[in-house]
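> Just a sequence and a predicted model for now, questions to come.
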Amino acid sequence: DLSPEETHAMAILLVIRDLGKTPDFQKAMPRDHRTEEEVVIQLIKYMHCQVPSVRTLNNHQRLLIEQSMMAQAGFNLAQFLQGENVPHDIAQFKRTIQEHGDRVFKFSLLAYVCFLCGIRGVESPYGSVFMNNAQAVNLLAGLRLMRQ
């Protein structure tokens, strides 16, 4: 149930998220802000001239992406689905979501699902190679657990 402006924010996030992995952008950040998520947050806040699509976001959209990236910084859904998260990671994610609200939680989970669907994306133009039936069953089970 994303609004049109939240859908736009999601599209921008999906486009710019991998910039956080770019060595040139990481080197341009302060040493304590070089994680993938922090690079994206810094790009949105301070370097939007370098990322023209960010200029199309309003303050609500920017804040939604920033809060979602903060929530994702300490919690990885793929690791959760594989049983690799420790309880501290889950508790930290819950605290972040409680602090920022239900919209950020839903936005973050949808972003995770989109990221997972994009894994191995260059291998086929006909849909998600990674998100097959077995992966979807695992994902849905994990999302049910996240609701609790």
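Everything's here; your move.
> going forward, measure contacts and count neighbours with C-alpha atoms only.
Fine.
> ok, the most centrally placed residue in the chain - contacts?
The chain has A111 as the residue nearest its centroid, 4.8 Å off, counting by C-alpha atoms, centre = their mean. Applying C-alpha atoms under 8 Å, 6 or more residues apart in numbering to A111 gives the contacts 10, 14.
> Can you name the helix or strand that it falls in?
helix 102-118 (DSSP states H and E).
> Show me what counts as buried in that helix.
104-105, 107-109, 111-114, 116-118 (16 or more other C-alpha atoms under 10 Å).
> Assign the residue located most distally from the centre of the chain to helix, strand or coil.
Most distant from the centre of the chain: Y126, at 23.3 Å, with distances by C-alpha atoms, centre = their mean. Here Y126 is coil, with the state taken from DSSP: H, G, I helix; E, B strand; the rest coil.
> so where's the protein shaky on pLDDT?
148 (pLDDT under 70).
> measure the residue nearest to the centre of the chain to R34 for me?
A111 sits 20 Å away from R34, going by C-alpha to C-alpha, to the nearest Å.
> Make a markdown table from the buried residues of helix 102-118 and add distance to L43 to it.
A markdown table is the format used below for those (distance: C-alpha to C-alpha, whole Å):
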| residue | distance to L43 |
| --- | --- |
| V104 | 19 |
| F105 | 22 |
| F107 | 19 |
| S108 | 18 |
| L109 | 22 |
| A111 | 18 |
| Y112 | 20 |
| V113 | 23 |
| C114 | 21 |
| L116 | 23 |
| C117 | 24 |
| G118 | 22 |
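> separation between the residue nearest to the centre of the chain and L57?
With C-alpha to C-alpha as the criterion, A111 and L57 are 17 Å apart.
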